[in-house]
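> Here you go, sequence then predicted model.
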Amino acid sequence: MTPFRASMHWLHTWVGIALGTLLFAIFWTGSLSVFYKEIDRWMMPMTRLELPASVSLDAMRPAADALAHGTNSPHWKVYLPTANEPVHNVIFQSKTDSATLFPDAPGNIMARRFLDPNTGDLLEDPGTLGGDFLYSFHFKLSMRRFPVGYYPVALAGMAMLALIVSGILLHGRIIANFFLFRRQKRARASLDLHNAVGILGLPFHFLITLTGLIFFYNLHYPLALSIPYGEDAGGYNREAIAAYARPEAGIPAEPASLDEMAAEAARIWGRPVGTVRVYHPGDKNAYALMMPRDDGAVSDVRDSLFFDVPSGKLLHNQVAKPALATERFIAGLHLIHFRHWPVRWLYFLLGLSGCVLIATGFLFWLESRRKRHAALGLQGVRFVEGLTVGSTTGVIIATLGYLVANRLLPSTMPVRAAAEIGCFYFGWLAAYAHAWLRPGSAWYEQARTIAVLAVAAVVLNAATTGDHLLRTIARGDWAVAGVDMMLLVGAGIAAVSARALSHRQIAKVRQVA
Amino acid sequence: MRSGAGAGVPSASLSYAVPHPAPDHLQNPWAIAVRVVTAAVGSYFASSGLAALGAVILAFATGIERSEAVMVNVLAAFLTYLIMAMWAFCERRLPVVVIAIWLGAIATHALAVFLVSLAAATA
């Protein structure tokens, strides 16, 4: 092996062991995030509504204004109802919500409430962060008040790119290795599977990681954004993105019709409005920022129209210039806000193939060292095996624990959303403890736990909401039915795996005896 | 960190050989630590400085809008970061790695700031 290939091998091995845990969790929650709106419907029964033919901004504005005034939020934003989110999704700044354990902590969180799409009235607080928790774990480890979670995720992302490139370069004969599958030898089988998934998924794994990093370019390269503007520190943001802003006047004023402004925006773009953000609601200087709906194309377009709310007059029209529009396309490749369902499923499956890639990488590390470590009395394999189990089946158990807790915790409970999240982390930690304490049987016991929890989630959904599979399918509620069906498929795979693993375990015990 | 790489472990029978021995320049733990910090942190700042400098020069040379020049260079920065970080583990001479990357990080930022202030002074 040449020194170059040996360096690549060394890099691949150690970066994989050091960051594989974080990467698996990011790929797992990222794959689920393809369907996070569907998971929202499953976890928030009060939002399982039918999308009305038309919705009104003027009807929902009073409730949104009241939410913002109630928490002194300088603005509110609404995601208008869509087929997979048939409610007004209103975001505003707050010190507190049902996921907040420490309401007196410094800084605000982005709180979220839902409004009825027909009347614009406030819906009951769902008492859960729903799929949004998994989604925000994917890109910022769900850190809500302190925005530091983006950085470990970015580090893992760069590590993933380095893993992919080094994983290719360490091979002497990549084409030959690609067609190799040595099923009989365990270490070889995990390596061959790792190689096959790695090559087949290569374009996706590389692009999904790179696009995810680029999406947060303004967080990751602050110096490159500010230095070219010299003394004018906020110049980049003003020039490229938020081209209009004005302070509060302190004088109340009646708003004009938001629906008419939205109609004007739709006329200018030739496509409907997707989101509306109102700054200083109720003030004389109130203004509305509108962006188009992004479910009809790849690009995550953020062209913006700014309206004067008291008069309804257009203030500013911001269109992305070519380089920024390119970045918005790259971001769109990652965000997949488009509604093309076969492509969404492809993203989901390819995302899970990333999980398989990471898990088989761990397995090969273990199997190729097991004998040697046993002979030399080294503890590395035992430690990494526990790490692998906790990082793979452990995070799946945590996710299912989160769903089951959602159906079991009473709706009247204070800080209910925080309790659900507590169940997620408790389940994960328990899985690690179990993996390190019972190294021989951890794999199949955790696989069995996954099967049980997934079936329990489906049963609990039917018992607590009455929406069993037959009813949701008959109603055409594919969000809830789809989550239930995926839980059952997952339970089946886990049960088959648990059975196979326990047979292997029994065979091994017989061998020793 | 060395347990898996196998350095320093008394050589056992052949069947328990290390799967892939670490190359000579990735044996000393202190040298590895310096490489890791240089690759992760140094390469980041070098790519950031290169993007800033590239944006300043591109905007000046072509007259395109600054925000556009920034965007083009920041898109490239993610890949220059990756390439520099990986090079930090391939180049066998550690001093070359440390000097090239850290000097690059400082020099590119400084030059970009200098060019912007020069342009502001002459404008």
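Here it is on my side, so go on.

> any idea how far the helix ranked longest in chain B is from the chain center?
Ordering each helix of chain B by length in residues (DSSP state H) puts helix B:94-122 first. Chain-centre distance of helix B:94-122: 14 Å, with CA atoms, centre = their mean, to the nearest Å.

> Counting by contacts, list what it packs against.
helix B:29-37, helix B:43-62, helix B:66-90 (3 or more CB pairs under 8 Å, 6 or more residues apart in numbering or on different chains; DSSP states H and E). (Each C-beta comes from the backbone N, C-alpha and C, glycine too.)

> one more time with 6 Å
Taking 3 or more CB pairs under 6 Å, 6 or more residues apart in numbering or on different chains; DSSP states H and E as contact, the helices and strands that helix B:94-122 lies on are helix B:43-62.

> What parts of chain B come near chain A?
Contact residues (CB under 6 Å from any CB of the partner chain) of chain B with chain A: B:3-4, B:12, B:16, B:19-20, B:22-23, B:26, B:48, B:51-52, B:55-56, B:66-68, B:70-72, B:74, B:77-78, B:82, B:86, B:89-90, B:112-113, B:116, B:120.

> By neighbour count, sort out the buried ones in those.
For these, a burial check counting by 16 or more other CB atoms under 10 Å in any protein chain shown picks out B:3-4, B:16, B:19-20, B:22-23, B:26, B:48, B:51-52, B:55-56, B:66-68, B:70-72, B:74, B:77-78, B:82, B:86, B:89-90, B:112-113, B:116.

> Would the host helix or strand of A:Ala359 count as contacting chain B?
Assessed by DSSP states H and E, A:Ala359 sits inside helix A:341-376. Yes - residues of helix A:341-376 are located near chain B by CB under 6 Å from any CB, namely A:368, A:372, A:375.

> What's the local residue count around the second one?
By the measure other CB atoms under 10 Å in any protein chain shown, the count of residues near A:Arg372 is 21.

> go on, the first one?
Applying the criterion other CB under 10 Å, we find 20 residues in the vicinity of A:Ser368.

> any idea of the pLDDT on A:Cys423?
On pLDDT, A:Cys423 comes in at 97.

> er, A:Val34 actually
At A:Val34, the predicted lDDT confidence score is 97.

> Would you check how far apart the nearest residue to it once chain neighbours are set aside and B:Trp87 are?
Spatial nearest neighbour of A:Val34, excluding adjacent residues (CB to CB, 6 or more residues apart in numbering or on different chains): A:Phe348 at 4.4 Å. Separation of A:Phe348 from B:Trp87 (CB to CB, to the nearest Å) stands at 35 Å.

> sorry, back to before: tell me the pLDDT at the residue nearest to A:Val34?
97.

> residues in contact with the residue nearest in space to the middle of chain B?
For chain B, B:Ser43 is the residue whose C-alpha lies nearest the centre (CA atoms, centre = their mean; 2.3 Å). Contact analysis of B:Ser43 by CB atoms under 6 Å, 6 or more residues apart in numbering or on different chains lists B:81, B:84-85, B:101.

> Go ahead and confirm A:Lys284 touches A:Gly250.
No - the criterion here is CB atoms under 6 Å, and A:Lys284 misses it with A:Gly250 at 8.0 Å.

> quick one: which of those two has more around it?
More neighbours surround A:Lys284 than the other of A:Lys284 and A:Gly250, with 15 against 9 (other CB under 10 Å).

> Next one: that one from chain B, what distance?
Using CB to the nearest CB, to the nearest Å, we find A:Lys284 at a distance of 31 Å from chain B.

> what's the spacing between that residue and A:Glu445?
Plainly put, A:Lys284 is 64 Å away from A:Glu445 if you go by CB to CB.

> same check, this time on A:Val78
46 Å.

> What of A:His138?
27 Å.

> Please apply the same query to A:Tyr347.
Distance, A:Tyr347 to A:Glu445, using CB to CB: 31 Å.

> Equivalent analysis for A:Ala456, please.
16 Å.

> ok, now B:Ala110?
58 Å.

> quick one: which of these two has more around it?
Between B:Ala110 and A:Glu445, counted using other CB under 10 Å, A:Glu445 has the larger neighbour count: 20 against 12.

> and that one, that's in a helix?
Yes - under DSSP: H, G, I helix; E, B strand; the rest coil, A:Glu445 sits within a helix.

> roughly how far apart are it and A:His503?
From A:Glu445 to A:His503 the distance is 14 Å (CB to CB).

> Same check on A:Glu327?
Separation of A:Glu327 from A:His503 (CB to CB): 51 Å.

> Please say which of those two ends up with more neighbours.
More crowded of A:Glu327 and A:His503, by other CB under 10 Å: A:Glu327, with 24 against 11.

> For the more buried one, what are phi and psi?
phi -60, psi -40 (degrees, to the nearest 10).

> check contacts around it.
A:Glu327 is in contact with B:Met71, counting by CB under 6 Å, 6+ apart.

> let's go with 10 Å and repeat that
By CB atoms under 10 Å, 6 or more residues apart in numbering or on different chains, the contact list for A:Glu327 reads A:211, A:214-215, A:217-218, A:240, A:299-300, A:302, A:320, B:71-72, B:74-75.

> just those residues now: which is nearest A:Ala64?
Set against A:Ala64, the nearest of the contacts of A:Glu327 by CB to CB is A:Arg302 (20.7 Å).

> helix/strand/coil for that closest one?
A:Arg302 is classified as coil under three-state DSSP.

> Grab the nearest non-local neighbour of it.
The shortest distance from A:Arg302 to any non-neighbouring residue, by CB to CB, 6+ apart, is to A:Met291 (5.6 Å).

> Assumed that neighbour was part of a strand.
Yes - when classified by three-state DSSP, A:Met291 is found to be part of a strand.

> circling back to that earlier point, point out the least confident one among the contacts of A:Glu327.
Among these, A:Arg302 has the lowest pLDDT, at 84.

> How many residues are close by A:Gly70?
Neighbours of A:Gly70 using other CB under 10 Å come to 11.

> okay but it is in contact with A:Phe92, surely?
Yes - using CB atoms under 10 Å, A:Gly70 is in contact with A:Phe92, at 8.6 Å.

> what residues are shared contacts of those two?
Shared contacts of A:Gly70 and A:Phe92 (CB under 10 Å, 6+ apart): A:Ala111.

> Sticking with the one residue in the stretch 51-200 of chain A that gets nearest to chain B, tell me its helix or strand.
In the stretch 51-200 of chain A, the residue that lies nearest chain B is A:Leu161 (5.0 Å; CB to the nearest CB). Secondary structure from DSSP H and E places A:Leu161 in helix A:150-169.

> Return the distance of that helix from the chain's centre.
18 Å.

> and the angle from it to helix B:43-62?
With axes from the mean of the first three to the mean of the last three CA atoms, to 10 degrees applied, the angle from helix A:150-169 to helix B:43-62 works out at 90 degrees.

> From the contact counts, what lies against helix A:150-169?
helix A:3-33, helix A:131-140, helix A:186-200, helix A:202-215, helix A:217-220, helix A:341-376, helix B:43-62, helix B:66-90 (3 or more CB pairs under 10 Å, 6 or more residues apart in numbering or on different chains; DSSP states H and E).

> tell me the domain boundaries of chain A?
Taking automatic domain parsing as the reference, chain A has its domains at A:45-127, A:246-335, A:379-513.

> ok, the nearest residue to A:Phe216 once chain neighbours are set aside - how many residues close by?
Leaving aside its sequence neighbours, A:Phe216 sits nearest to A:Tyr150 (CB to CB, 6+ apart; 5.9 Å). Counted with other CB under 10 Å, residues neighbouring A:Tyr150 total 15.

> low-scoring stretches of chain B, by residue?
Scanning chain B for pLDDT under 70 picks out B:1-19.

> now swap in chain A and tell me
Along chain A, segments meeting pLDDT under 70 span A:174-175, A:177-178, A:509-513.

> Contact partners for the residue most central in space within it?
For chain A, the residue nearest the mean C-alpha position is A:Tyr135 (2.2 Å; CA atoms, centre = their mean). By CB under 10 Å, 6+ apart, the contact list for A:Tyr135 reads A:29-30, A:32-37, A:39-40, A:129, A:142.
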